[in-house]
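**Q** My questions concern the predicted model and sequence given below.
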Number of protein chains: 2
Amino acid sequence: MSRALRDVPGVALRTRERVKAAAAEVGYVSNVSGSRLATGKTGTIAIVVPTAARWFFGQAIAGAGAVIRGAGLDVLLYELGDAAGRQRLFAEHGLRGRADAVLVLSLNLSGSETRLLQQLGVPVAVLGVGPASFSSVVVNDQLAAESALRHLINLGHEVIGLIGIDNGSDVTSGSVPPIARVAGYRAAVSSAGMSLDPDLEQLDENSAAGGAAAMTRLISGPVMPTAVFASSDEMAFGALHVLRSAGIRVPADMSIVGFDNHDFAAVVDLTTVDQNVLAQGQAAARLVLAALANPGAAPTTASVPTRLVIRRSTAPPQPLRRRLEATDTTQN
Amino acid sequence: MSRALRDVPGVALRTRERVKAAAAEVGYVSNVSGSRLATGKTGTIAIVVPTAARWFFGQAIAGAGAVIRGAGLDVLLYELGDAAGRQRLFAEHGLRGRADAVLVLSLNLSGSETRLLQQLGVPVAVLGVGPASFSSVVVNDQLAAESALRHLINLGHEVIGLIGIDNGSDVTSGSVPPIARVAGYRAAVSSAGMSLDPDLEQLDENSAAGGAAAMTRLISGPVMPTAVFASSDEMAFGALHVLRSAGIRVPADMSIVGFDNHDFAAVVDLTTVDQNVLAQGQAAARLVLAALANPGAAPTTASVPTRLVIRRSTAPPQPLRRRLEATDTTQN
DNA sequence: ACGCGGGTCGCAAGCGCTTGCAAGTGCAGT
DNA sequence: ACTGCACTTGCAAGCGCTTGCGACCCGCGT
């Protein structure tokens, strides 16, 4: 008897126990498909993500997954992979009926994608800025970037470069942060009375290679900054590599601050803005669980705080001084 | 008519088209739960993994996921998280009826866990060494470690340290490689006519912090090695950090080689053993798909080749020379 | 023109579970 | 001892899909 196994009221305690004992004896396990059909619920939440192979998404998946599993639900993982994969998932009815809710991690949803998600008829929450019709968890990227910049400004830096994220046409990348972080950079620089210089803003793809390329452009440009704000730690890592190869010492010759607090930021002593991605994932999952529990409710927006983590990649600018020999280019 | 939509033979072409057109018009999408109940297949493969938040598993999930999705199946992600989560998944019938097959990534399965998986009655494949009853994809860790060691030996190193993985009681860690890599280290050292010294073998948890701790012990031990083999890149990163802080230059004063070819190995110029984790994930998925297509078949073992990637963290040992000033401890 | 057979079509019987409901049980009140 | 009520129990009707099978249609051969 189904009611006994599921602890539904309306069954005498004795009967319940008898039934459970019998079930255990035979090794009976209720068939999931049957109950899904009968109830219409799948007990599953879909997580849609560009790829699981990048740090940010790994963190977010782990955070969200823990909360979802804690609620007794399963997680169905959809990695978009590339544009074709993205198309496939959204265009066909790839998600229909497979999950009770969906969690979209850091994707710039197009209008039609938003519409398709709505037509699914299940709660949707997004990580990052998204359509107003969905719950979302955000980080104040602009403010966070500004705080990083103020740190550099307070140290006395007057020529500060930007390494920004240029998503280009890459579907595996995130959403709005790129712009917001650039805006934070500009706001802080301007309000410190310094002028904005396009040569000091170098955008590239969000990766170590992109960061390296951007830094290369900065240190070979018309004005050499004494400090650089990188929009992601991965880009900062690439930038550090270039600096090391070029014999430019950090932080003596150049300060650098990143964004993320990636696991390896501590390993390379990178000052960075900590955005707790794990917590963001958890918050997003909680939002979607709340929507599931209370279907009528209006979409909510949760905000996760950031904080600046100061390590040893930032220091006051060195006043005109002769450059030491770069004896250590190969040092790690 | 179900047969028309699914392109099952036995339906006239004209009828099929008519049905499809009508379905499209009404926006009809077949109910997944219904078909699952009727067919007994879920169209889903479960991936069991300690956590999605680490590089290795992110890569493996992405690799396996791409193949699974390519076959038109969904992936259900189970992260163990901790011992309790592991217990929960295996002990209760957490997986029963939810997936047509399961892929276990890098877990040392206990006897009872193996038995429970077998009782699921679905194909199981594992990434890493596992029970003979399951298909598996492996890497020859010992040979790979030996090749790394031979590289150091050929460079002329005669005192080579080991930073090894000590899983301790951590469930979120992997399987057999720790031992195999240590064995490779010992085999190569011995066969080069050098003697093994317990002080040169430092085990710690597989993380940057663990690598740092192990390296600290090595450079403060009774014999100072001129080269070190680290069993994972993450440990090597931590080790590099310690060396930099200590003013020990790489590779001038100390060579170091890692294992993994982690995304950031290139960024820190780390010589390392590339084990194509993405390919391992793909291979594991293919194994499980094959088992699904051909239920009777005996378990297979696929082997993924490794290769040594030489970067700038290894060089011949410097013969007795005076140590330069460590002016650059803060450099990045 | 009639019969036959290959090819289609549509009905209906499940798949295993949930749940409303009628029947049944036991106990307290009269 | 009988009636009434609250609580249990077990039955049966779906949930939406797949699939075996009988009914049917049409065109061919005789």
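**A** Yes, it's here.
**Q** For chain A, list the residues in contact with DNA strand D, please.
**A** Where proximity means Cβ under 7 Å from any atom of the strand, the interface of chain A facing DNA strand D comprises A:1, A:3, A:10-12, A:14-16, A:37-38, A:40. All C-beta atoms are positioned from the backbone trio N, CA, C, and that covers glycine.
**Q** In three-state terms, how would A:Val75 be classified?
**A** Taken by DSSP: H, G, I helix; E, B strand; the rest coil, the conformation at A:Val75 corresponds to strand.
**Q** doesn't A:Val67 make contact with it?
**A** No - the pair formed by A:Val75 and A:Val67 falls short of the contact definition of Cβ atoms under 8 Å, at 9.8 Å.
**Q** Comparing these two, which shows the higher neighbour count?
**A** A:Val75 (24 against 21; other Cβ atoms under 10 Å in any protein chain shown).
**Q** residues contacting the more buried one?
**A** Taking Cβ atoms under 8 Å, 6 or more residues apart in numbering or on different chains as the definition of contact, the neighbours of A:Val75 are A:44-47, A:64-65, A:68-69, B:76-78.
**Q** and these as a markdown table, adding pLDDT and neighbour count?
**A** What follows is the contacts of A:Val75, written out as a markdown table (pLDDT from 0 to 100; neighbours: other Cβ atoms under 10 Å in any protein chain shown):
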| residue | pLDDT | neighbour count |
| --- | --- | --- |
| A:Thr44 | 97 | 21 |
| A:Ile45 | 98 | 27 |
| A:Ala46 | 98 | 26 |
| A:Ile47 | 98 | 29 |
| A:Ala64 | 98 | 30 |
| A:Gly65 | 98 | 28 |
| A:Ile68 | 98 | 27 |
| A:Arg69 | 96 | 22 |
| B:Leu76 | 97 | 21 |
| B:Leu77 | 98 | 21 |
| B:Tyr78 | 97 | 24 |
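**Q** got the end-to-end distance for stretch A:127-146?
**A** 21 Å (Cα to Cα, to the nearest Å).
**Q** near chain B at all, it?
**A** No - applying Cβ under 8 Å from any Cβ of the partner chain, one finds that stretch A:127-146 is not in contact with chain B, the shortest distance being 14.3 Å.
**Q** ok now that stretch, how far from the chain's centre?
**A** Here the centre of stretch A:127-146 is set off from its chain's centre by 10 Å, with Cα atoms, centre = their mean, to the nearest Å.
**Q** List the buried residues of it.
**A** Using 16 or more other Cβ atoms under 10 Å in any protein chain shown as the burial criterion, the residues of stretch A:127-146 that qualify are A:127-131, A:134-146.
**Q** one step back: could you flag which of the residues of chain A next to DNA strand D are buried?
**A** Looking at those with 16+ other Cβ under 10 Å, the buried ones turn out to be A:11, A:16, A:37.
**Q** Under a three-state scheme, what state does the last one occupy?
**A** Secondary structure assignment for A:Leu37 (three-state DSSP): helix.
**Q** Run a quick neighbour tally on the spatially closest residue to it that is not a sequence neighbour.
**A** Leaving aside its sequence neighbours, A:Leu37 sits nearest to B:Ser33 (Cβ to Cβ, 6 or more residues apart in numbering or on different chains; 4.3 Å). If you count neighbours by other Cβ under 10 Å, B:Ser33 ends up with 21.
**Q** Next: A:Ile165.
**A** Here the count is done by other Cβ under 10 Å, and A:Ile165 has 26 residues near it.
**Q** beta partners of it?
**A** Using DSSP bridges, the beta-bridge partners of A:Ile165 come out as A:Asp204.
**Q** hang on, it packs against A:Leu203?
**A** Yes - with contact defined as Cβ under 8 Å, A:Ile165 counts as touching A:Leu203 (6.8 Å).
**Q** about what we covered before: just the buried residues of stretch A:127-146: which are in helices?
**A** Judged by DSSP state H, the subset of the buried residues of stretch A:127-146 located in helices is A:141-146.
**Q** what sits up against stretch A:200-208?
**A** Residues external to stretch A:200-208 that are found in contact with it (Cβ under 8 Å, 6+ apart): A:159-168, A:170, A:173-174, A:178, A:182, A:185, A:210-211, A:213-215, A:217-218, A:221, A:223, A:225, A:231-232, A:234-235, A:237-238, A:241, B:263-264, B:266-267.
**Q** What of stretch A:85-93?
**A** Taking contacts as Cβ under 8 Å, 6+ apart, the residues outside stretch A:85-93 that touch it are A:48, A:78-80, A:94-95, A:112-113, A:116-117, A:171, B:29, B:69.
**Q** Restricting to C-alpha, output stretch A:290-301 in PDB.
**A** In PDB, the C-alpha atoms belonging to stretch A:290-301 read as follows (Å, rounded to 0.1, in the frame of the first residue of the first chain):
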ATOM      1  CA  ALA A 290      10.900  28.500  -2.600                       C
ATOM      2  CA  ALA A 291       9.100  29.000  -5.900                       C
ATOM      3  CA  LEU A 292       8.400  25.300  -6.000                       C
ATOM      4  CA  ALA A 293       6.900  25.400  -2.500                       C
ATOM      5  CA  ASN A 294       4.900  28.500  -3.200                       C
ATOM      6  CA  PRO A 295       4.000  28.600  -6.900                       C
ATOM      7  CA  GLY A 296       2.000  31.800  -6.900                       C
ATOM      8  CA  ALA A 297       4.800  34.000  -5.500                       C
ATOM      9  CA  ALA A 298       6.300  36.800  -7.400                       C
ATOM     10  CA  PRO A 299       9.900  36.400  -8.600                       C
ATOM     11  CA  THR A 300      12.500  37.500  -6.000                       C
ATOM     12  CA  THR A 301      16.100  38.700  -6.400                       C
END
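**Q** and it, what's its mean pLDDT?
**A** Here the mean pLDDT over stretch A:290-301 is 92, rounded to a whole number.
**Q** now do stretch A:18-34
**A** Taken as a whole, stretch A:18-34 has a mean pLDDT of 87.
**Q** what does the stretch 1-150 of chain A put close to chain B?
**A** Among all residues of the stretch 1-150 of chain A, those adjacent to chain B (criterion: Cβ under 8 Å from any Cβ) are A:29, A:31-34, A:36-37, A:40, A:42, A:44, A:47, A:51-55, A:57-59, A:61-62, A:65-66, A:69, A:74-79, A:81, A:85, A:93, A:96-98.
**Q** Just confirm the residue nearest to A:Leu37 is within a helix.
**A** Yes - when three-state DSSP is applied, B:Ser33 is found to be in a helix.
**Q** in what helix or strand does A:Ala212 lie?
**A** A:Ala212 belongs to helix A:208-219 when assigned by DSSP states H and E.
**Q** thinking again about what came up before, out of the contacts of stretch A:85-93, who has the most neighbours?
**A** Taking other Cβ under 10 Å to define a neighbour, the member of the contacts of stretch A:85-93 with the most is A:Val48, carrying 27 neighbours.
**Q** Tell me the secondary structure of it, please.
**A** Secondary structure, three-state DSSP: A:Val48 is strand.
**Q** Contact partners for it?
**A** With contact set as Cβ under 8 Å, 6+ apart, A:Val48 has these partners: A:78, A:80, A:89, A:95, A:102-105, A:107.
**Q** ok, what's across the strand from it?
**A** When bridges are assigned using DSSP bridges, the partners listed for A:Val48 are A:Tyr78, A:Val104.
**Q** Could I get the pLDDT score of it?
**A** For A:Val48, the pLDDT comes out at 97.
**Q** swap in A:Val11?
**A** 79.
**Q** so which of the contacts of A:Val75 are also by DNA strand C?
**A** When Cβ under 7 Å from any atom of the strand is taken as the criterion, no member of the contacts of A:Val75 contacts DNA strand C.
**Q** For DNA strand C, what is the nearest residue in the stretch 51-200 of chain A?
**A** Across the stretch 51-200 of chain A, the shortest distance to DNA strand C (Cβ to the nearest atom of the strand) belongs to A:Gly72, at 13.4 Å.
**Q** Could you check how many residues crowd around that residue?
**A** For A:Gly72, the count of nearby residues is 8 (other Cβ under 10 Å).
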